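**Q** Following is a predicted model, sequence given first.
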Amino acid sequence: MAKQNPPLIETVDLCKSYFNDGMETPVLFDIDLTIREGEFISIMGPSGSGKSTLMHILGFLDTPTSGSYLFRGQKTRVLHDDELARIRATRVSFVFQAFNLLPRTTVLDNVILPLLYHPTIPASERTERGMKAIEQVGLTERATYFTNQLSGGQQQRTAIARSLVTEPDVIFADEPTGNLDSASGIQVMEVLQNLHSKQGRTIVLVTHEKTTAEYAERVIHILDGRIATDTRDFKRNHAKNVKHLK
């Protein structure tokens, strides 16, 4: 039997607290989570539940207080600052609620911005890679527009193209429809869904909206800093029960 590759992301007993003036504020408790390459999952929960904190830890923007986090089977706690910086530049990318685009700069220049800090992609490849990413989100005809000339939905699609340009292992999307009307939000979610279904992209979506979460194939619900439900566990248990009945 061929040896199975380790999960892309795995946490074991992961906990997170913040400390201020000697006071501890626990945020996450005993998070056991496995995400395999090619999954599209949503992490859902109310404001203050800990879902964004978990995403920041998984995306190397924060560190756990205790427990372990393995990325492709490697313990992240032992990585040095330069190794973590390289992972942030090449292996993970983000789409935020606020777009975070340069307003008086073209769509193409915004999209290729991460390549300016990429350690291995030469300058000669930036435009080609940028245009490829722009095409994937359906904005080829807007590549030379300034981003402040775009609608909100088009700006968020530009941000998604920017997240694609480095060919990351995983895209983290934090409330990507939060600043959009319903029609634009649907367009953005359809782009993310197509990136998963047609290209096999690994996407971790954080949202408090049930209709947005349901675009993912797996929904994890966080409540008071703990995983309350995981639809993958439900499907696995259902399959076991069906097999037992047979």
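**A** Okay, I see it.

**Q** pLDDT below threshold where in this structure?
**A** Scanning the chain with the threshold set as pLDDT under 70 gives 1-3, 233-246.

**Q** Scan it for its longest helix.
**A** helix 182-199 (DSSP state H).

**Q** Not including adjacent chain positions, what is the nearest residue to P6?
**A** Leaving aside its chain neighbours, P6 sits nearest to G73 (3.3 Å; criterion: CB to CB, 6 or more residues apart in numbering). No exception for glycine: its C-beta is placed from N, CA and C like everyone else's.

**Q** Quick check: the one you found touching Q4?
**A** No - counting by CB atoms under 8 Å, Q4 is not a contact partner of G73; they are 10.8 Å apart.

**Q** re earlier: the residue nearest to P6: how many residues sit nearby?
**A** Neighbourhood size, G73 [other CB atoms under 10 Å]: 10.

**Q** Now do the strands in the chain.
**A** 9-20, 23-35, 40-44, 66-71, 74-75, 92-96, 170-174, 203-207, 218-223, 226-230 (DSSP state E).

**Q** returning to that earlier point: who's in contact with the residue nearest to P6?
**A** Neighbouring residues of G73 by CB atoms under 8 Å, 6 or more residues apart in numbering: N5, P6, P7, E10.

**Q** just the buried members of these?
**A** Taking 16 or more other CB atoms under 10 Å as the criterion, what is buried in the contacts of G73 is P7, E10.

**Q** Among the contacts of G73, which one lies nearest to R36?
**A** P7 (5.2 Å; CB to CB).

**Q** Pick out the residue nearest the middle of the protein.
**A** Centroid check for the chain by CA atoms, centre = their mean gives F172 as the closest residue, at 1.1 Å.

**Q** wait, A173 sits on V191?
**A** No - at 10.3 Å, A173 does not count as touching V191 under the criterion of CB under 8 Å.

**Q** is it true that R126 touches P114?
**A** No - using CB under 8 Å, R126 makes no contact with P114, being 9.7 Å away.

**Q** who has more neighbours, those two?
**A** Between R126 and P114, counting by other CB under 10 Å, P114 is the more crowded of the two (24 against 20).

**Q** which residue packs closest to the more buried one, ignoring adjacent ones?
**A** Closest to P114 by CB to CB, 6+ apart is T166, at 5.2 Å.

**Q** With T147 instead?
**A** T147 sits nearest to L101 (CB to CB, 6+ apart), 4.4 Å away.

**Q** And P103, by the same measure?
**A** In space, and not counting its chain neighbours, P103 is closest to N148: 4.2 Å by CB to CB, 6+ apart.

**Q** burial count for that neighbour?
**A** Neighbour count of N148, defined by other CB under 10 Å: 11.

**Q** what does S182 give?
**A** Residues lying near S182 (other CB under 10 Å) number 8.

**Q** May I see the strands of the chain organised as a markdown table, with distance to S52 added?
**A** Putting these into a markdown table (distance: least, CB to CB, whole Å) gives the following:
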| stretch | distance to S52 |
| --- | --- |
| strand 9-20 | 11 |
| strand 23-35 | 10 |
| strand 40-44 | 9 |
| strand 66-71 | 16 |
| strand 74-75 | 23 |
| strand 92-96 | 10 |
| strand 170-174 | 6 |
| strand 203-207 | 6 |
| strand 218-223 | 10 |
| strand 226-230 | 15 |
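
**Q** Relative to E83, which of those is closest?
**A** strand 74-75 (9.5 Å).

**Q** Residues touching that closest one, excluding its own?
**A** Contacts for strand 74-75 (CB under 8 Å, 6+ apart): S68, Y69.

**Q** Spell out which strands sit alongside it in the sheet and which way each one runs.
**A** Partner strands for strand 74-75, per DSSP bridges, with pairing direction: strand 66-71 (antiparallel).

**Q** So what's the gap between the strand it pairs with and the chain middle?
**A** 17 Å (CA atoms, centre = their mean, to the nearest Å).

**Q** Perfect, that will be all.
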